[in-house]
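# mind looking at a prediction? Sequence and model below.
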Amino acid sequence: MVSKFADMLIDLLLKKGVKEIEPRLDYDYGVSYYESLGISREDFPNLNDILIELERKGILKGTKVGTIPTCPNCGSHKLILRLLCPICDSQNIRRVEAIHHISCNFTAPSDMFSSGETLRCPNCGKPLRAIGVDYNKYQNVIYCENCKRVSISPKLIFICSDCGESMSESELDLKPLLRYEVIEERLLKPSLERAISEGLKRRGMEVKHPSEVIGASGLTQRFSLSVKGGDSERFIDIVESSEGGGRRKS
């Protein structure tokens with residue numbers, strides 16, 4: 001059964017004429033749709049769950065527009081990135097400009113090669129004269145103060161702020177980031193069902209919305225609503241149609 005908050009959201013979508021609901025990443029809440037709809041968390045405390053419910057009912061259509069990394073242990077999106085040396089796992093690293101001496105294959109930060117106005121390899125002592133011939137330079141590489149090695153890029157480790165679990169990039173879960181399209185013809189039906197149901201209740205009738213009945217074949221049939229008055233009960237199904245330029249209830 002459509003929840004109270006889902007009914008409220010359906011009315012809001014109709015009133016505002018919303019066509020699409022865009023996602024926004026939020027550190028506290030993960031994926032947020034409040035900004036797109038111009039509503040507050042106080043009014044709709046479980047908006048993401050409501051959108052999933054409306055998608056399941058065909059009122060919204062979700063399209064994947066990206067992913068959000070989450071903890072494989074607890075599902076939290078609150079991840080802190082830690083950079084480590086890929087050789088010894090030390091956190092004591094820094095970004096440097098590095099020089100690679102071609103003949104002896106030694107690589108280190110550029111300041112270790114300075115010798116007055118010339119460059120000299122601290123490993124073999126030979127002077128470095130021509131870039132591309134004697135040596136190469138690398139910008140923004142990683143130098144580890146612990147193992148004294150240079151690496152092209154750091155090792156990435158993610159720490160979950162909620163459960164404390166640590167994981168590599170390849171271990172992260174990637175949850176889909178969805179944009180929702182409002183299916184207008186499906187949006188009108190629950191609103192119409194509700195209006196009819198409330199009108200019948202004001203007339204003193206007992207209404208179930210929606211309603212199910214087991215037929216003679218033993219199969220369960222679902223109807224928009226059932227109306228009970230006196231000793232009789234009627235089952236009503238509401239179908240939206242655009243035939244003839246208007247909408248039809250049957």
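Thanks, I have it.

# I figured Leu187 hits Leu13, correct?
Yes: using Cβ atoms under 8 Å, Leu187 is in contact with Leu13, at 6.0 Å. C-beta coordinates here come from the backbone N, C-alpha and C atoms, glycine included.

# for the chain, what spans make up the helices?
4-16, 34-37, 47-56, 184-202 (DSSP state H).

# avg pLDDT for the last one?
Same thing as helix 184-202. The average pLDDT within helix 184-202 is 65.

# quick one: contacts for the residue nearest the centre of the chain?
Centroid check for the chain by Cα atoms, centre = their mean gives Leu177 as the closest residue, at 3.4 Å. Going by Cβ atoms under 8 Å, 6 or more residues apart in numbering, Leu177 touches Pro23, Leu25, Val31, Lys64, Val65, Gly66, Thr67, Ile68.

# just Glu165 next, same as before
Cys71, Pro72, Asn73, Cys74, Ile159.

# most neighbours among those residues, please name it.
Cys71 (23 neighbours; other Cβ atoms under 10 Å).

# nearest residue to it in space, please, no chain neighbours.
Cys160 (4.0 Å; Cβ to Cβ, 6 or more residues apart in numbering).

# so who does the one you found touch?
Cys71, Asn73, Cys74, Ser76, Lys78, Leu79, Ile80, Ser166, Met167.

# tally of neighbours for the last one?
Other residues within reach of Met167, judged by other Cβ under 10 Å, total 18.

# pretty sure it sits against Cys71.
Yes: between Met167 and Cys71 there is a contact at 7.0 Å, judged by Cβ under 8 Å.

# shared neighbours of these two, which are they?
Common neighbours of Met167 and Cys71 (Cβ under 8 Å, 6+ apart) are Phe158, Cys160.

# just the residues contacting stretch 125-134, thanks.
Under Cβ under 8 Å, 6+ apart, the answer for stretch 125-134 is 99, 101-104, 113, 115, 118-121, 135, 137.

# quick one: mean pLDDT over that stretch.
Stretch 125-134 shows a mean pLDDT of 94.

# ok, now stretch 38-51?
92.

# and it, how far out from the chain middle?
16 Å (Cα atoms, centre = their mean, to the nearest Å).

# what's the span of it, first residue to last?
15 Å (Cα to Cα, to the nearest Å).

# pull the residues that contact that stretch.
In contact with stretch 38-51 (Cβ under 8 Å, 6+ apart) are residues 3, 5-6, 8-9, 12, 16, 21, 29-31, 33-34, 37, 60, 62, 180.

# cool, stretch 97-114 as well?
Around stretch 97-114, the neighbours that count as contacts under Cβ under 8 Å, 6+ apart are 96, 119-124, 126, 128, 133-141, 143, 148, 150.

# of those, which belong to strands?
96, 119-120, 128, 135-141, 143, 150 (DSSP state E).

# of those, select the buried ones using a PyMOL command.
Buried members of the ones in strands among the contacts of stretch 97-114, identified by 16 or more other Cβ atoms under 10 Å, are gathered into one PyMOL selection as follows:
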select buried, resi 96+119+120+128+135+141+143+150
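
# outline the domain layout of this structure.
For the chain, the structural domains run 4-74+172-182, 86-153, 189-245, going by automatic domain parsing.

# for Leu25, which residues make a bridge with it?
Residues in a beta bridge with Leu25, per DSSP bridges, are Val31.

# buried sites along stretch 178-186?
Leu178, Arg179, Tyr180, Val182, Arg186.

# now those residues as a markdown table including distance to Ile87?
A markdown table is the format used below for these (distance: Cβ to Cβ, whole Å):
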| residue | distance to Ile87 |
| --- | --- |
| Leu178 | 40 |
| Arg179 | 42 |
| Tyr180 | 46 |
| Val182 | 52 |
| Arg186 | 57 |
